[in-house]
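Engineer: Any chance you can model this:
(chains A and B)
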Amino acid sequence: MRTNRETLAAWVGREILPHEHDLRVWLSRRFIEAIEVEDIVQECYCRLAQLRDVDAIDEPRAYLFTIARRLAVQQRRRASVVRLEALDSDIEMRAWDDAPGPDRIAAARQELGRVKAAMATLSERARRIFIMRKVEGLSQKEIAATLGVSEAIVENDASRSLRAVLKLLTMPGDEPGFAMREEGRRARSH
Amino acid sequence: MPDRIEKEAAAWALRHPIDPAEQGAFDAWLRRNPRHQGALLRSMAGLSVIENTLVPEAQPERRGQGVSRRWLLAGTGGAIAASVAGVLGWSQLTSQYVATERGEIRRLPLADGSVATINTASALRIRMASDSRRVALEEGQAWFQVAKDRARPFIVDAGIAQARAVGTAFSVSRGPEGVQVAVTEGTVAVWPSDSSGEMTILKAGQCATFRPNAPAPAVISEPARIERALAWRNGDIALENETLGEAIVQFNRYNHQQLVLADPSLSRERLVGLFKLDKPENFAAMLSASLDVETTVRGDEIRLSRKKSPAR
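Structural biologist: The predicted structure follows:
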């Protein structure tokens, strides 16, 4: 039986996690510092963890961006130094939410590319661990016994792989296509 | 995300479902820092993405062709399944060929404690290796009660489709029209042999039908019907609104004495009841008692026709 937490996690995996990368990019473009971006993203997931019913959320991506934007505004108000770049980016918000414009299609393609790239980094053993978890519902202890390794090895392997995949899925990194698009934007705005 | 929180969150995500013995420690961890909840949710979401990409769920998405659905398209389920099967190898320690005659239903205990109940006119080859248990179903049908042995998955190769289990009960049937896998207990993973297909997870009460050249199986969830269809295990045939035509096909698969419909219009009559598969004469007698059917025995044939309008 799935717990509510697992059902919510599956929904977040489907509807929210794919947009965390773009959210981070969007926040950093608002000249929010890296540590604050981290803070806002974490707080978003805390808010999502409180959700009891996700069926009412029609546009998960817009929902995520709205929470983040609210948090960013609050944070800015708390900050003692007022910066010139105000967070009044309703226009930009709309640009992100417009579906499925060329930007969204390109973004979707990048999401898919990120999943593929991230999954490709999994070791054969990590793959087997995740498949055994899912298909056979085995615990880490049982998986360890099956693979003939210690439970610590299974836990380490799975945990490291999970964190690596999360990082590849969500962290703006060195994606050549993406960097070029950013350059283009900046060039135009000057 | 601070490294420590992320590490702990990943560890707790992987320990789900939480063991009752660990529940206290888990609750305490959640309470220690309000951020822990969010980090845990994010980790569990990541885990579900990994698992669903490796092994996509059988059920369709709720609605809409959202962008996020594209994540599932990254699914490499079939390829992964194939590679898992490849890794397990084909070392042949013992190999056994079993075929049943028409009408024969055989209960065959296997070396590992599993039991194969083999239906009429079926053939299978069994290979028990140190790393896997493999059955090649060449034709017909068998119901497998698989003894739990996590180190040696039980894999049935039915030509166009494969099924894999660890400790469950399921039936596989193979015929010219396709392959059917029905699960009576536990969970079974199935996938088309063609490596482009994805893995589908079947639970008890579900049945997947693979047709030649179809990329994915049709999955139904009908526990009662599955049980009924397996009545042959006890030498029975269970009819619940099946047509006489369908019932006759079943009987004729088991018996030399063939039922023949002299009057095709009878074939659409619907029947309810439990009959012995090896006693077509009893079935015919029941028909003549309840359906105005006349039976004539001629050698190996029992002919069924409508009674001439009885002048009562």
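Engineer: Tell me the residues of the stretch 201-312 of chain B that contact chain A?
Structural biologist: B:Ile201 (Cβ under 8 Å from any Cβ of the partner chain). Yep, even glycine has a C-beta here, placed from its N, CA and C like the rest.
Engineer: Just the terminal-to-terminal distance for stretch B:99-111.
Structural biologist: Distance across stretch B:99-111, first residue to last, is 17 Å (Cα to Cα, to the nearest Å).
Engineer: Tell me which residues of that stretch come out buried.
Structural biologist: B:100, B:103, B:105, B:108, B:110 (16 or more other Cβ atoms under 10 Å in any protein chain shown).
Engineer: From chain A, how far off is the nearest residue to the second one once chain neighbours are set aside?
Structural biologist: Read that as B:Gly103. The shortest distance from B:Gly103 to any non-neighbouring residue, by Cβ to Cβ, 6 or more residues apart in numbering or on different chains, is to B:Tyr254 (4.4 Å). Note on B:Tyr254: its distance to chain A, by Cβ to the nearest Cβ, to the nearest Å, is 35 Å.
Engineer: picking up where we left off before, nearest to chain A among the buried residues of stretch B:99-111?
Structural biologist: B:Leu110 (19.8 Å; Cβ to the nearest Cβ).
Engineer: How about the contacts made by the closest one?
Structural biologist: The contact partners of B:Leu110, by Cβ atoms under 8 Å, 6 or more residues apart in numbering or on different chains, come to B:116, B:126, B:128, B:133, B:147.
Engineer: Show me the two of the buried residues of stretch B:99-111 that sit farthest apart.
Structural biologist: B:Gly103 and B:Leu110 (22.8 Å; Cβ to Cβ).
Engineer: quick one: average pLDDT of the helix or strand hosting A:Thr146?
Structural biologist: Using DSSP states H and E, A:Thr146 sits within helix A:140-147. The pLDDT scores in helix A:140-147 average 88.
Engineer: Pull that helix out as CSV, backbone CA atoms only.
Structural biologist: Output in CSV follows, covering the C-alpha atoms of helix A:140-147 (Å, rounded to 0.1, in the frame of the first residue of the first chain):
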residue,chain,number,x,y,z
GLN,A,140,17.5,-2.7,1.3
LYS,A,141,18.4,-5.6,3.5
GLU,A,142,16.8,-8.1,1.1
ILE,A,143,18.5,-6.4,-1.9
ALA,A,144,21.8,-6.6,-0.1
ALA,A,145,21.3,-10.4,0.5
THR,A,146,20.3,-10.9,-3.1
LEU,A,147,23.4,-9.0,-4.4
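Engineer: close to chain B, is it?
Structural biologist: Yes: in terms of Cβ under 8 Å from any Cβ, part of helix A:140-147 sits within range of chain B, namely A:140, A:142, A:145-146.
Engineer: just to revisit the earlier point, surely the residue nearest to B:Gly103 touches B:Glu101?
Structural biologist: No: using Cβ atoms under 8 Å, B:Tyr254 is not in contact with B:Glu101; the gap is 9.9 Å.
Engineer: what do these two both touch?
Structural biologist: The contact lists of B:Tyr254 and B:Glu101 share B:Thr120, where a contact means Cβ under 8 Å, 6+ apart.
Engineer: before we move on, could you check phi and psi at the residue in the stretch 201-312 of chain B that chain A sits nearest to?
Structural biologist: Nearest residue of the stretch 201-312 of chain B to chain A: B:Ile201, at 6.3 Å (Cβ to the nearest Cβ). With angles defined as degrees, to the nearest 10, B:Ile201 sits at phi -100, psi 120.
Engineer: same deal with the one 10 residues further on?
Structural biologist: Main-chain dihedrals, B:Arg211, degrees, to the nearest 10: phi -110, psi 150.
Engineer: before we move on, back to that, now, among the buried residues of stretch B:99-111, which is nearest to A:Arg109?
Structural biologist: Taking Cβ to Cβ as the measure, A:Arg109 lies nearest B:Leu110 of these, at 49.1 Å.
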